[in-house]
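> Quick check, what structure comes out for this input:
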Amino acid sequence: RSYLQGDPNVKKINAHITKKVADKLEEIFNKDRKAFEEKWDSLGLFVKYGMMTDDKFLEKANKFYVWETTDGAFKTMDEYRTEAEVLQKNKDGKLVVLYTTNPVQQDAYVQQAIARGYKVVKMETIVDAAFINNMELKWENVQFTRVDADITDNLIDKGEDAESVLSAEDTEKLKSLFNFQKEGLNVNVEVKGLSADAPPVVATRPELMRRMKDMAAAGGSMASWYANMPDEVSLTVNGNHSIYRDILSRESEEMREKMVKNLADLALLSQGLLSGNSLTSFINRSVELMEDKSEVKAD
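Below you'll find the predicted structure:
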């Protein structure tokens with residue numbers, strides 16, 4: 001009952017039980033880590049809840065809390081920090097923990113991060129949205145970023161900017177081609193100089209706004225209207241990709257628009273943001289482009 005929660009004796013009992021549970025979990029972890037990891041799917045949810053709600057439990061849990069990386073390994077926070085801090089420390093000295101909430105849907109982003117040598121952890125439970133926000137406050141110099149929150153070059157902000165090979169005029173032309181609206185989406189377009197082997201365009205969802213929507217969808221304390229807001233999407237166009245030299249050299253404005261819209265739709269599709277009429281238009285346009293290409297070869 002609520003009036004008992006403030007009772008000193010109840011608090012002592014609660015603290016004692018919490019300590020015993022934490023000590024037992026630490027004992028199991030130290031004695032047979034493999035067995036502990038095998039049970040993590042069942043234990044993890046309760047451990048995370050305890051870490052969020054009880055600072056004494058958090059102190060002990062820091063020794064045995066593990067998260068699974070996308071390659072199937074389990075790492076404590078200290079182990080993750082040791083392996084990742086060289087590549088994943090940003091310009092402010094914070095360790096950036098990269099995570100995925102859906103390894104299958106976000107596979108393209110996960111693979112791009114892994115190719116850079118980054119370590120990506122799985123955060124797939126119903127409490128993870130709250131856990132991430134909570135741990136950013138409690139863990140010193142730690143920042144969480146989902147793998148699709150930005151282009152791979154920007155996931156770890158090192159304060160460095162690459163240059164685009166496009167002229168200022170071509171950059172503006174390209175930006176105007178991508179500057180179209182999608183129903184239910186707020187789309188922001190930016191042309192940047194990325195590595196030549198990076199995708200021609202990447203769709204990302206800003207971390208802060210996505211977290212708010214996730215919390216609202218999970219029934220958190222956020223205002224319910226967050227869940228009904230249009231999705232914020234950033235389209236980052238890789239000005240250094242060779243495909244844009246081909247697109248900008250085309251004489252047909254219609255063909256340029258078709259090619260650019262298809263690239264944008266492919267990026268949105270990777271985020272699960274293409275459906276209904278937009279998806280149908282993408283399929284039809286793709287067929288038209290293939291037919292145009294076949295006709296050119298035949299000629």
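
> just the helices in the stretch 1-150 of the chain please.
8-31, 33-38, 40-53, 55-61, 77-84, 107-115, 128-138 (DSSP state H, counting those that start in this stretch).

> can you put the ones you listed in JSON lines and add distance to Met259, mean neighbour count and mean pLDDT?
All C-beta spots, glycine's among them, are computed from the backbone N, C-alpha and C. Compiled in JSON lines, the helices of the stretch 1-150 of the chain are given as follows (distance: least, C-beta to C-beta, whole Å; neighbours: other C-beta atoms under 10 Å; pLDDT from 0 to 100):
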{"stretch": "helix 8-31", "distance to Met259": "54", "mean neighbour count": "13", "mean pLDDT": "83"}
{"stretch": "helix 33-38", "distance to Met259": "48", "mean neighbour count": "13", "mean pLDDT": "96"}
{"stretch": "helix 40-53", "distance to Met259": "45", "mean neighbour count": "16", "mean pLDDT": "94"}
{"stretch": "helix 55-61", "distance to Met259": "52", "mean neighbour count": "16", "mean pLDDT": "94"}
{"stretch": "helix 77-84", "distance to Met259": "38", "mean neighbour count": "16", "mean pLDDT": "95"}
{"stretch": "helix 107-115", "distance to Met259": "20", "mean neighbour count": "18", "mean pLDDT": "93"}
{"stretch": "helix 128-138", "distance to Met259": "37", "mean neighbour count": "17", "mean pLDDT": "93"}
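
> Give the buried residues for stretch 167-186.
Neighbour-count burial for stretch 167-186, counted by 16 or more other C-beta atoms under 10 Å, picks out 170-171, 173-174, 177-178, 182, 185.

> Endpoint to endpoint, that stretch covers what distance?
Stretch 167-186 has an end-to-end distance of 27 Å (C-alpha to C-alpha, to the nearest Å).

> likewise stretch 26-43?
For stretch 26-43, the first and last residues are 12 Å from each other (C-alpha to C-alpha).

> Other residues contacting it?
Here stretch 26-43 makes contact (C-beta atoms under 8 Å, 6 or more residues apart in numbering) with 25, 60, 63-64, 66, 68, 74.

> which among those end up buried?
Buried by 16+ other C-beta under 10 Å: 25, 60, 64, 66, 68, 74, out of those.

> Determine which two of those are furthest apart.
For the buried ones among the contacts of stretch 26-43, the farthest-apart pair by C-beta to C-beta is Lys60 and Glu68; their separation is 20.6 Å.

> Just the buried residues of the helix or strand harbouring Met212, please?
For Met212, the host element (DSSP states H and E) is helix 207-217. Along helix 207-217, these residues count as buried under the neighbour rule (16+ other C-beta under 10 Å): 207, 209-216.

> Residue ranges in the chain under the pLDDT threshold?
Residues of the chain meeting the criterion pLDDT under 70: 1-11, 13, 16, 161-162, 217-228, 293-299.

> center of it - which residue?
The residue lying closest to the centre of the chain (C-alpha atoms, centre = their mean) is Arg146, at 2.2 Å.

> Test my guess that that residue contacts Tyr99.
Yes: using C-beta atoms under 8 Å, Arg146 is in contact with Tyr99, at 5.8 Å.

> State the distance from Glu207 to Leu166.
From Glu207 across to Leu166, the span is 28 Å (C-beta to C-beta, to the nearest Å).

> can you check Ile132 too?
The gap separating Ile132 from Leu166 is 37 Å, by C-beta to C-beta.

> How about Ile28?
Ile28 sits at a distance of 57 Å from Leu166 (criterion: C-beta to C-beta).

> Kindly report the same for Thr70.
34 Å.

> do Ala115 as well
For Ala115, the distance to Leu166 equals 24 Å [C-beta to C-beta].

> Then Asp157?
For Asp157, the distance to Leu166 (C-beta to C-beta) stands at 23 Å.

> coming back round to it: from the contacts of stretch 26-43, pick the one nearest Arg285.
The closest of these to Arg285 turns out to be Glu68 (C-beta to C-beta; 39.3 Å).
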